[in-house]
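Q: How does the following fold in three dimensions:
(2 chains)
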Amino acid sequence: MSCQTNPLQQLLSKKEQIETGSSFMSSVRGASHQQKLGQRHGFSPEQTFFTNQQGSSSSAFMTNDVSSAKFLRTPSSQRPNQPSNIHGNSEGTESWLPQFSSMKINDPLEFSSEYKNLYNNYEKRTQPSPYLQFSPSTHVSTRPQLFRRETTDYQHFKKLQLQSSFSAPIQEAANEDMVQLDSYFDLKFESLENELNELDDSLDSEQRELQKVASNIVESSSAPRSPGLRPKLASSKFIGLMRRISDGVVTVKKTENTLYSPVNGEIVGNEYFPIQNKVNDTKHLNASQ
Amino acid sequence: MLGYHMKGFSGYGVQYSPFFDNKLAVATGANFGLVGNGKVYLLEIDSKGQIHETNSFLTQDCLFDVAWNELHENQVLVAQGDGSLRLFDTTLKDYPIEIFNEHEREVFSCSWNLITKNTFTSSSWDGTVKIWSPLRKASLLTLVPHPLKVMKNFDQVDIPISNQKAHTAISKNKNCIYQAQFSPHDPNLVICCAGNSYTTLFDLRQPSTSNNQQNFFSHSGLEALTCDFNKYRPNIVATGGVDNTIRIWDLRMLSKQFQAGTQRDNSIMCVNEIKKGHELAVRKVSWSPHSSTTLLSTSYDMTCCVWQDLSSNGKAPTGKTNSTDFRRGCITRFNQHSEFVFGADWSLWGQPGFIASTAWDGNVFVWNAFRK
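A: The predicted model follows:
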């Protein structure tokens, strides 16, 4: 169905979109609002999202390029951004329907039905697994967008739910899966958050200051210099160290008075030897003075 | 050229012993002085021209300067990063014989009074200059420069690579006093230069008010890192700074300005300047002990230079500046160091022109400025 271009279908879906989507229109504007809404209704945005993953367009949420995914599958859903117009005309849609259904559009550029079927099969085969999609790095970086995307596509979602031939048991099974998935993602997210926090904590203000200073030095050392100084600066161990500090590969460990690599914990440069803060007995020296 | 490598330590200061022609003391810091131990090396040059380590002391923090006791041939003073000054006896091991602990931040310089030899001075990042006696744990006097105008933002010149910890924002180090030194002509005069680009002349006979000093704006708003009294002309000082320039000043200009009382913006004209003599900041200037017109400088551009002050012929002003010379009065440029050159000292002994220099590459080189 994702490639259907029948205008009737389009209109139908538009109507459903209005019906189901209008109540959420206000929430479309803000992701946070939508989140709250989800909580209030007892489902997390992820849950809502994954219960429909078998739907042909669920990958719209999984891929980064939402707009292209939507475009391919249901052109009608491209217009959630014009709610007021659609809403204004919704009452008259019933009378248009017979007219539109009898219409035949001769699109010379339309794909053959055979191709469309093949494409549909292809689409179904290549549904991405959510586990594969969420590598830790993309998870963290795209998490806020995930929410936002979901809200904008909520109507799309609802419509699919209505159109799909899901039976209740499947839905339940999917829900169970969802709970697992959800907890999996929550755990993953928490661990990554902690990791990030630890990383942030490991760089205290002094270390950040050092890093800033180091990058300034590196920057200034790359300014144009005379032929005599340029190679010297390029091979300078100090500038090399500054480069590594500015890259975050090396930082200072104030408690141990050393430079170390936060990556592997190894000491860089000299080891620190604690020295007692005491003085030599100088009685005999004073006598000689 | 003779050389000695101090493995794992970067040289900050070097000084010839005032008692022996073959002894050197070197102040160093681990990890380029950023963090870690310090070490004071006592080196000896043997008759074959080899340099040997005779003794060394490891310290809690990096060392930024060194000064021999002018009254005691075995005592050497160091300025430490933890705010203390330590006096070592070179015949002993491990620990100092005295600790002077008053500065609140890194001590960047220490130097002995060459006339009344029972005092020394120190300068620190905490914005103070202190006068000490080796016999007392507490300082004799604390001097604070009061420059009338804190900052003037003149044209930004090149890169401000300055001291070891804060190379970038000049304003952060404006209180930092990089060097303080007694006049070799008058035991009551101390000169110091600071991160706010001011050089200050203190008169120790005056009570500790703002009247005990005269400030002049010396390095275009960038940090003034070093200053030194001319050993033959009592009124002449040289300063060097982050604007890569060495300037030579006549202190009599200060008193004129003071008497006139009209122009109080603390800007006096220098009598000579060596512009673009170094490509990066000038870290140390030192007048020759043998000639009134010869000047040594070290720089972050990894070279040491010996200059002829062309504004004077030793007896009278010539009316020239070093800009009139195509080499800007450069006699020798020493470029054997492979990191920033911090310390250098003229040898008092033998044929004039021997210089010991030390740099962050951990090398101490002894070379002659006039031998081609």
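
Q: Quick one: low-confidence residue ranges for the stretch 151-289 of chain A.
A: Residues of the stretch 151-289 of chain A that meet the criterion pLDDT under 70 lie in A:151-176, A:195-203, A:282-289.

Q: So which residues on it come close to chain B?
A: The stretch 151-289 of chain A comes close to chain B at residues A:210, A:212-213, A:216-217, A:220-221, A:223, A:225-226, A:228-229, A:232, A:235-238, A:241, A:252, A:254, A:257-259, A:269-270, A:272-280, A:282, A:285, A:289, as judged by CB under 8 Å from any CB of the partner chain. To be clear about C-beta, it is placed using only N, CA and C from the backbone, and glycine gets the same treatment.

Q: ChimeraX command to pick out the buried ones of those residues?
A: If you want just the buried ones from those in ChimeraX, going by 16 or more other CB atoms under 10 Å in any protein chain shown, the selection is:
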select /A:210,213,216,217,220,221,225,229,232,236,238,241,252,257,258,259,269,270,272,282,285
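
Q: Would you map the strands across the stretch 251-372 of chain B?
A: With DSSP state E, counting those that start in this stretch, the ranges of strands along the stretch 251-372 of chain B come out as B:272-274, B:282-287, B:294-299, B:304-308, B:330-334, B:341-346, B:354-359, B:363-368.

Q: and of the ones you listed, who's closest to residue B:188?
A: strand B:282-287 (19.7 Å; CB to CB).

Q: is chain A contacted by that closest one?
A: No - judged by CB under 8 Å from any CB, strand B:282-287 and chain A are separated, with a smallest distance of 13.5 Å.

Q: who touches the spatially closest residue to residue B:203 that is not a sequence neighbour in this structure?
A: Closest residue to residue B:203 apart from its sequence neighbours, by CB to CB, 6 or more residues apart in numbering or on different chains: residue B:212 at 5.5 Å. Residues near residue B:212 by CB atoms under 8 Å, 6 or more residues apart in numbering or on different chains: B:143, B:202-204, B:206.

Q: Mind doing that once more with 6 Å?
A: B:202-203, B:206 (CB atoms under 6 Å, 6 or more residues apart in numbering or on different chains).

Q: Of the residues you listed, which is the nearest to chain A?
A: Of all the contacts of residue B:212, chain A sits closest to residue B:202, with 28.9 Å by CB to the nearest CB.

Q: how close does that closest one sit to residue B:3?
A: 38 Å (CB to CB, to the nearest Å).

Q: Looking at those two, which has the bigger crowd around it?
A: Taking neighbours as other CB atoms under 10 Å in any protein chain shown, residue B:202 and residue B:3 compare with residue B:202 leading, 25 against 12.

Q: who's that one bridged to?
A: Taking DSSP bridges, one obtains residue B:190, residue B:213 as the residues bridged to residue B:202.

Q: So it sits against residue B:190, correct?
A: Yes - the pair residue B:202 / residue B:190 is scored as a contact, 4.4 Å apart, by CB atoms under 6 Å.

Q: What helix or strand is whichever residue of the stretch 101-250 of chain A sits closest to chain B located in?
A: Going by CB to the nearest CB, chain B is nearest to residue A:220 of the stretch 101-250 of chain A, at 3.8 Å. In this assignment (DSSP states H and E), residue A:220 forms part of helix A:205-221.

Q: Per the annotation, how does chain A divide into domains?
A: A:7-196, A:205-268 (automatic domain parsing).

Q: Low-confidence regions, the stretch 251-372 of chain B specifically.
A: In the stretch 251-372 of chain B, residues with pLDDT under 70: B:255-267, B:372.

Q: and if we set it to 90?
A: Residue ranges of the stretch 251-372 of chain B with pLDDT under 90: B:252-271, B:276-277, B:312-329, B:349-351, B:370-372.

Q: Next to chain A, which bits of it? Give me the list.
A: Residues of the stretch 251-372 of chain B lying close to chain A (CB under 6 Å from any CB of the partner chain) are B:279, B:301-302, B:339, B:360.

Q: try 10 Å this time
A: Proximity of the stretch 251-372 of chain B to chain A is confined to B:278-280, B:299-303, B:333, B:335, B:337-340, B:360-362 under the rule CB under 10 Å from any CB of the partner chain.

Q: Following the chain past the helix or strand containing residue A:252, name the next helix or strand.
A: Using DSSP H and E, residue A:252 maps to strand A:251-253. As assigned by DSSP H and E, the chain's next helix or strand after strand A:251-253 is strand A:258-260.

Q: how far away is residue B:40 from residue B:68?
A: 11 Å.

Q: what sits in contact with each of those two?
A: Contact criterion CB atoms under 10 Å, 6 or more residues apart in numbering or on different chains; residues bridging residue B:40 and residue B:68 by contacting each: B:25, B:76-77, B:90.

Q: packing partners for the one helix or strand residue A:115 maps to?
A: Element membership of residue A:115, judged by DSSP H and E, is helix A:113-125. On a contact count with 3 or more CB pairs under 10 Å, 6 or more residues apart in numbering or on different chains; DSSP states H and E, helix A:113-125 meets helix A:66-73.

Q: what's the average pLDDT for the helix it packs on?
A: Confidence over helix A:66-73 (mean pLDDT, whole number) is 41.

Q: what about the helices in the stretch 101-250 of chain A?
A: Taking DSSP state H, counting those that start in this stretch to define them, one finds helices in the stretch 101-250 of chain A at A:113-125, A:130-133, A:136-152, A:154-163, A:168-202, A:205-221, A:229-234, A:237-246.

Q: How about chain B?
A: B:252-260 (DSSP state H).

Q: one step back: would you mind putting the contacts of residue B:212 into a markdown table with pLDDT alongside?
A: Converted to a markdown table, the contacts of residue B:212 look like this (pLDDT from 0 to 100):
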| residue | pLDDT |
| --- | --- |
| B:202 | 92 |
| B:203 | 92 |
| B:206 | 88 |
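
Q: could I get the residues you listed as TSV with distance to residue B:115?
A: Output for the contacts of residue B:212, formatted as TSV (distance: CB to CB, whole Å):
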residue	distance to residue B:115
B:202	15
B:203	15
B:206	18
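
Q: with the residues you listed in mind, which one is nearest to residue B:325?
A: residue B:202 (33.8 Å).

Q: Now, the shared contacts of residue B:40 and residue B:68 that are in strands?
A: B:25, B:76-77 (DSSP state E).

Q: mind checking how far residue B:222 is from residue B:342?
A: 18 Å.

Q: neighbour-wise, which of these two wins?
A: Taking other CB under 10 Å, residue B:222 and residue B:342 do not tie; residue B:342 has more neighbours (29 against 25).

Q: Excluding sequence neighbours, find me the nearest residue to that one.
A: residue B:12 (4.9 Å).

Q: how close does the one you found sit to residue B:79?
A: From residue B:12 over to residue B:79 (counting by CB to CB), the distance is 9 Å.

Q: Please apply the same query to residue A:221.
A: 27 Å.

Q: just residue A:189 next, same as before
A: 52 Å.

Q: picking that back up, which other helices and strands does the helix holding residue A:220 contact?
A: So helix A:205-221, by 3+ CB pairs under 10 Å, 6+ apart, packs with helix A:229-234, helix A:237-246, strand A:251-253.

Q: Tabulate the ones you listed (CSV), appending distance to residue B:122.
A: Converted to CSV, those look like this (distance: least, CB to CB, whole Å):
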stretch, distance to residue B:122
helix A:229-234, 32
helix A:237-246, 26
strand A:251-253, 26
